[in-house]
Every structure is written in C-alpha cells, then in structure tokens.
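Enquirer: Here is my input, please return the structure:
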Amino acid sequence: QQTGRRYNLFLKRRLRIDKRHESKDSIFFRDGVRRIDFVLSYVDDLNKEWEKKLERRKEFESNLQKAGLELETEDKKESEDGKIYFVKIHAPWEVLITYAEVLNIKVPIRENDIPSTVENPLDCVLTPFRLPERVMHPEPDYFTAPFSKDKQELYLINDESTFFSPSMRNRIVYYILTRCPYGTEEGKKKFGIKRLLNNGTYSAAYPLHDCQYWKKASDPNCDSERYTLYMEWARFLRFYKEQPLDLIRKYYGEKIGIYFAWLGFYTEMLFLAAVVGLICFLYGLFTMDENMSSKEICDPAIGGEIIMCPLCDRDCDYWKLNTTCASSEYSHLFDNVATLFFAIFMGIWVTLFLEFWKRRQARLKYEWDLVDFEEEQQQLQLRPEYEAKCTQKKKNPVTQEMEPYLPLTSQAVRFCISGTTVLFWVSLIIASMIAVIVYRLAVYAAFASLMENAQTLEPISGLLTPQLATSVTASCLNFVIIMILNFLYERIAIWITDMEIPRTHLEYENRLTMKMFLFQFVNYYSSCFYVAFFKGKFVGYPGAYTYMFNRWRNEECDPAGCLIELTTQLTIVMAGKQIWGNIQEAIVPWICNWWGRRKARSNPENLYSRWEQDHDLQIFGALGLFYEYLEMVIQFGFITLFVASFPLAPLLALMNNILEIRVDSWKLTTQYRRPVAAKAHSIGVWQEILNGMAILSVVTNAFIVAFTSDMIPRLVYYYAYSTNDASPMSGYINNSLSVFQIADFPTRNKPKMNPDDFVICRYRDYRYPPDHERKYLHTMQFWHILAAKMAFIIIMEHVVFIVKFFVAWMIPDVPADVKAKIKREKYLTQKILHEYELEKLKEKLCRGDTQATEKEFIATEGKVELSRAM
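Expert: Residues are numbered from 1 along each chain as shown. You can find the predicted model right below:
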C-alpha cells in the first residue's frame, strides 16, 4: 500500500513537470487541432449576484453549444492569478458555412485573370519605399461570390480549416454571441454578450492574436501575421515604407483597413501642401529685409519718432512705435503676398484631396470585395439596448414581423433633453472663451507695467512685447481649458446618445459623431475665430473706446496686424493637441500594460497562456476608430480653416501624421487586444464632414486675408494713395496711423503720467485728425479699404469655388480601369454561377428528372445568354 502511494505521488510530480514543459502560448484547443476563435473570461466572485451570474453563464454556454459552437473551459487554477476562468470557443465547419451564407460573406471561386495595370515608370525610384510582395499581397487575387451551402463544390476550398480567415471566423462567432439568448428576466427575453459584459456575468470577450508580436509562433500552422505586421509596419524605423493594407485588412478587417488607407492617403497628400507651405514661408523669410513696413517701424527717424497712444487705461504709458520692431519683422514671415497664393492653393488642394480619395476608395472597394456591399447586417441590426428599453412593438412594413419601437412622444422628449444638453455645453465653451478674453484684457496692463519696470527683461523687450506675452499665456490657458472640457464632454456625449436610444449601431455612431464633432469644432476653433475675426475689430478710438461688460477695454492688434497673434494661437493649440494626443495614445496604454503584466514576468513563458496574454492587454472598444477619425478631422480643420495665417501648418501635420501612423499601428499591434473584424466600404459620415469643412475653409481664408492680414490696406495704399513712384510703399506706416490730441482724453482713459509732455499720439485706424471739421470720423480711405476687402472676399470665393467645382467635375469618382474590372468580374462571376447551375441541371436530366427540370434548364440557359449579352 505504501509503495502504491509513492507511485501515485511520483505520477503527480511527473505530470506537473510535463505540464510545465507544455507551452500554453497556443491558439488551439488542448487537442492542438481546433482553433480558438473567441475567448470569454469571468471571475467567480461569491457576492449576492453570484448565483444569478452562474445561471446566466450556464444557460448562455448551453445555448452556444446548441448553436453548434464548441467550448473548452480553463479552470481558474490554471490562470496566472488563480482567479479567472477562460472559456475558449471554436466554430466548426458546419457553423462557419451556415453563418457565412447568413452574413453574405464573399469567398473565392476562381483566380483573377484580369491583367494588372501598366507598370509605373517611377517604380525604380519608389523601390526603397516598397515592402516585400509577400507582405503587400498575402493572398492571390480571386474572383469572389457570396457563399452558399448548396454550392460548396463551386468554391476554391482546399482546406476547410484555413478556408475562412481568422478575421472572418471571429466575425461569425461574434455575430452568434451577440444574438445568443441567456434566459428570461422580469418577463423579457435576454440575449447577447454585450449585456452579459455590462452586468458583470463575463469580464471580457475577445478574439486572440495569432502570436506574440516580437517573435513568430512555434506552431507551423500559424501564419504569425501579428509578427509580420509589427516587423514591417508598426515599428517607427519603417516610417518611410508603404503600409501593407491588404495584410491589415486580412488581420483586422475592412473597417480598420479603410481607416489606415485614408490616414496614409491623407499623409501622402499633405506632402504636397507641406512643400508649397514651406516655400511660402521661405519666401517670407528671404524677403524680410525688403519689407518697407517693418523698415519704417524699426527706423529711429520714423518709428522712433512716432508716439503711440496707451494700450490700456490709466496704468499704461505712451510708447514709441519702434518698440514693436521685432514683432513687425516676424509678422512678415506669414503676412506677405505668398499668403494669398497659399490660401488659394489650399482651397484647390482640399478639393484634389477629397476627389482623389474617392478614387482611391473606389479602388479599395473593388480590391476588397466591397462593391455590392451594403451596410453589414451587424450594423443595421437593432441594438440590444434598443430592444431592451423599447417595450412597445409594431409590424415592420418590410419584413412583416413584429419589432420593438420607440413612441414618437418619447423620442421628442429625449431629443429635447439631448438638444438642451448639447446647447448648454456649447454655451459653456463660449463662456470659457469669453473668460479667456477677459483674462487677456485684465492682464495686459499688468504685463505692460511689469515689462516697463523690470530691468531683467530689457534684453528681450524688443521680442517679448506685452501683446505677445498676453497672447502666449492666454493661448496656453485656453489649451488647458480645451483639454478639460474635452475630457468632460466625451462622457456627456456618450450619455446623451445612450439616452436617445438609437435604433441601429450605424445610427448610434452617426449621432455620436455629429455631437462630438460639433463640440470639438467649437472647443478647438472658437479661440482662433476670435483672434482672426473679432480681436482689434471693435476697439473704437482714443477717447471713445469700446468696453466689454462696460469694464474691460477691448484688445487692439499689434501695429503690424493681428496675423502674428493668430499664428501664435494656432501653433500652441495645434502642436499642444498633437503632443498630448500622442502621449495619451502611446505612453498611457504602455504603462497600463506594463503594470498589468508585472507579475507574469516571474513565471515561465510557457505557462503564460495566449488567452491570458491578450486578456492583460488594453481594450480597443467599439469607439476606438471614432476617436482616431475625430483627431485627424480636427487636425484637418486646423490646416484648412486657418492655413492663410500659418503656411507651416501642413508641415506640422505631416510630421505628426508620419508619427501617428506608426503610433496607431504600434499600439494596435502590441498594446491592444485584437478587435473583432468588421466591414466598412467608406469612412462614413466623416466624408460629409470633410466636404463641409472644405467649403467653409474657402470662406474663412478669404476673410483672414481680407480682415486679419494687412495685405488689402497695403495694396490700396500702393495703387491709390502712394505719392512716391521710386518707393511706392514708403510712407505706408504714417498713412495707416491716425492722430489723436492728448487733451481730448477723458479722465477714464488718460494716463496717470505724461513726463515728456506729449501733445499728440497715434493709433491704428483711418480717421480724420483733431483739427479737421469731421474730427475723428472715418476718412474716405477707410471706406475704400473696406470696399476693397469685400470685393476681394467675393472675387476670391468665386474664383476658388469655380475652380473647385470644375476640378471635382473633371475627376471621376471611380477610375475607368476599376469600372472595367468591376464589369468584367460581374460578368465572369455570373457566367461561372450560371454554368454551374446548368451542369447541375444536366446531371438531373441525365438521371431522368425530365418534367420539372426541362423548364429550369431552359431558364438557366436563358440566364447564361443574358449574362453574355450584358
């Protein structure tokens, strides 16, 4: 008996040792044959809900098995922390072919015989940017047709285990999981994995990555596509390489593939805009010394003799114009003739970008079998939340089936609450912007007084003016407020959209998109709109200044114009957003994953299972792509709406996007669980948003050039008021400054001190002098300039819009070769299917089924002839 006990103990030890040598880093069941298509995890916590959760799980898993899925459970003792159960799910062949037909999945029927397009003569130049063919095109190109169980011999089924790709398999399993019932509660039928995740019955549900990202899988049956994506795509050192879009689509699905295709195309198009913007900036840099306005401001005999009126009441002193010498020189970098050219160029560039993207999208739709794709049933299906909250039912006129609906009165109430909430938050942004304006007005006098009295600031006083100090600090404060409001509103927008109870997933995404974009638009751009179109426009004149809330005097622009301040505002907000976004996207997930995996490092690698490794990663939620699109669309607004003020904006965006592609690919490949594959044939509602911003950008840039830039007043002076033929722009500064008699200052505005006993001071405006009969009223030159500005806006808008619409009309949305390929594929696919049906009917005739089959045979032959004719 003692010998038997020793033998049993020996067997247990031997089993434990063998188990430690058996690697759990596998994507197969214990038998090593059945592939794990999905994993569910749960923690068996003994709280008051424990029994209810246990019943739900039993019912749910039982129904999954009834649906044909195969399950294998890993006990919590096998997990790394000893607390989590893992349920592994495998979809056998019969389940896959059943739901492939339901989901209308297209599968190969014949290898594509259409010759590829003519080789690009620049291929030899582009070779360093290319990826290997096995990475770019991991599968041959096939003609495809929707799967049908009755025609299996028609399809190219070489191996049932690999016929459906892992992304197709996880999509099918997820489709079943979202519809599988788990019981009846409170008289309502409950179903779907989403609800089970929300109520804590399961803690996670996810498909598996196929291997570790830094090394290939040891199993030869595994393609190690994650490793390939990491090595060829997700590393920053590959930033100059093209993206393996076909492999991305194969591994992650079309929805993620189309996002990276759009982001890559947008980045490529930015290269042209960045080059032109850089040339315009260099033009401003090289012509800085020739700028007559800054020369006159810096000249001690001109700018040094012009005494300017104080920029704030009581506390500010009179100042000499040449103290703004440095800022006037720098403003020429962005406020020059090239600014006008670049604004017109960007209006046309936006059109080219959108039109060429439509062509690129059409090509992808053909290559990725999305030509006949209508929104996937998974997108158009009723949301589980909609079905749960809508207790009333009515007959669907299309399907003639009873389905839940939300009464009109309930919809109206929910929309009113939603609209009021959105309006409140937009008002809150405007209020915060007004608070920043008040800050600018309140601290300007403090900065002016500080810089005048501080000896330590004297060396940089020419560069760091009170206007610039106020602008920079206000921009930084505004950026912080933007980030805080953004953080809060994200949660509010999701709550509002949930409250509206949208009917389908597509409707939910579109509503959330519009709410978030509206908020972000106001949040990010309101400060830029203020500087561009309001600052310095409603100032009044000395002795009759306008005040905000009858207390704070409105801001004036620098004598060289407001454009340099708009540039400062745009740079801080745009650059700050990009830096903060990359920190959030890359560093935060990495820290979270490092913290979550710290215990696992002490265990042998072969005991750290594939499902546990993926469980410890971050979740790429249903709104993961939404935030990526939103970030890029807001950036698109910065480089189009205000680009006339900052030609280097496209260059900044280009550098950010080169980094963004690699950061997004790195985090998706290394830091996040594998998302469930989903289909999409376009970028969706974002296309309409981009079109709207493209039209608005023409208007904003025309107004920036006319009202924010100093170009139109200079041109009017050059052609109508200059008296020096040898140097037409000389005398412009003196002409643009009006005269004010200091004795006319009311007590509220008059400076406390006037040690040099100045009699007059100058201010930026076109008004009659104090000795004129129309004292301090606008001169005729003011009205000439205003008329020229309005004429410029009308002419520029019409010219750019005409060119835009002409270019859009000239460029077809679908390339001619793609149209021909689509027609060819449709013809061949129909021909193959009809010939297959014909062969089947011939076999029936040969077997003697003559009566019913003869009619079918004639009808099918007719189909074949019709197909040929078409």
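Enquirer: For the helix or strand encompassing M574, output the C-alpha coordinates as CSV.
Expert: Element membership for M574, per DSSP states H and E: helix 563-582. Included here for helix 563-582 are C-alpha records, laid out as CSV according to Å, rounded to 0.1, in the frame of the first residue of the first chain:
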residue,chain,number,x,y,z
LEU,A,563,-2.0,87.8,-38.1
ILE,A,564,1.1,87.0,-35.9
GLU,A,565,-1.2,86.5,-32.9
LEU,A,566,-3.4,84.1,-34.9
THR,A,567,-0.3,82.2,-35.9
THR,A,568,0.8,82.0,-32.2
GLN,A,569,-2.7,80.8,-31.1
LEU,A,570,-2.9,78.2,-33.9
THR,A,571,0.6,76.9,-33.2
ILE,A,572,0.1,76.4,-29.5
VAL,A,573,-3.3,74.8,-29.8
MET,A,574,-2.4,72.6,-32.8
ALA,A,575,1.0,71.5,-31.6
GLY,A,576,-0.2,71.1,-28.0
LYS,A,577,-3.1,68.9,-29.1
GLN,A,578,-0.8,66.7,-31.2
ILE,A,579,1.8,66.2,-28.4
TRP,A,580,-0.9,65.5,-25.8
GLY,A,581,-2.7,63.1,-28.2
ASN,A,582,0.4,61.0,-28.8
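Enquirer: downstream neighbour of it in the secondary structure list?
Expert: Following helix 563-582 in sequence, per DSSP H and E, is helix 588-596.
Enquirer: Please write out the alpha-carbon positions of the helix or strand following that next one in PDB.
Expert: Elements were assigned by DSSP H and E; along the chain past helix 588-596, the next helix or strand is helix 610-615. Taking Å, rounded to 0.1, in the frame of the first residue of the first chain, the C-alpha atoms of helix 610-615 are listed here in PDB:
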ATOM      1  CA  ARG A 610      -2.000  33.200 -25.200                       C
ATOM      2  CA  TRP A 611      -5.500  33.900 -23.800                       C
ATOM      3  CA  GLU A 612      -4.000  35.400 -20.600                       C
ATOM      4  CA  GLN A 613      -1.500  37.500 -22.500                       C
ATOM      5  CA  ASP A 614      -4.300  39.000 -24.600                       C
ATOM      6  CA  HIS A 615      -6.500  39.400 -21.500                       C
END
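Enquirer: Of all the residues in the helix or strand that helix 610-615 is followed by, which ones are buried?
Expert: The C-terminal neighbour of helix 610-615 among helices and strands, as given by DSSP H and E, is helix 624-641. Buried residues in helix 624-641, counted by 16 or more other CB atoms under 10 Å: 624-626, 628-641. Quick note: C-beta positions are derived from backbone N, CA and C, even for glycine.
Enquirer: Please apply the same query to stretch 751-766.
Expert: Applying a neighbour-count criterion of 16+ other CB under 10 Å, the buried positions in stretch 751-766 are P751, C761, R762, Y763, R764, D765, Y766.
Enquirer: tell me the two of those residues that are most distant?
Expert: The widest separation within these, taken as CB to CB, falls between P751 and Y766 and amounts to 24.1 Å.
Enquirer: Now do the same contact list for M136.
Expert: Listed by CB atoms under 8 Å, 6 or more residues apart in numbering, the contact set of M136 reads R130, E242, P244, D246, L247.
Enquirer: which one of the residues you listed sits closest to Y142?
Expert: For Y142, the nearest member of these is D246. The distance, counting by CB to CB, is 12.5 Å.
Enquirer: Neighbours of the residue nearest to the closest one when sequence neighbours are not counted, how many?
Expert: Setting aside the residues directly before and after it, D246 is nearest to H137 in space (CB to CB, 6 or more residues apart in numbering), at 5.6 Å. Here the count is done by other CB atoms under 10 Å, and H137 has 15 residues near it.
Enquirer: Please identify the buried residues of stretch 228-241?
Expert: For stretch 228-241, by 16+ other CB under 10 Å, it's T228, L229, Y230, M231, E232, W233, A234, R235, R238.
Enquirer: Redo those residues as CSV? Include distance to C528 and pLDDT.
Expert: Rendered in CSV, the data for the buried residues of stretch 228-241 read as follows (distance: CB to CB, whole Å; pLDDT from 0 to 100):
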residue, distance to C528, pLDDT
T228, 43, 93
L229, 38, 94
Y230, 39, 94
M231, 41, 93
E232, 39, 92
W233, 35, 94
A234, 34, 91
R235, 36, 91
R238, 35, 88
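Enquirer: Tell me the bridge partners for V87.
Expert: With DSSP bridges as the criterion, V87 is bridged to L40, T73.
Enquirer: what's the longest helix in this protein?
Expert: If each helix of the chain is counted by residues according to DSSP state H, the longest one is helix 408-453.
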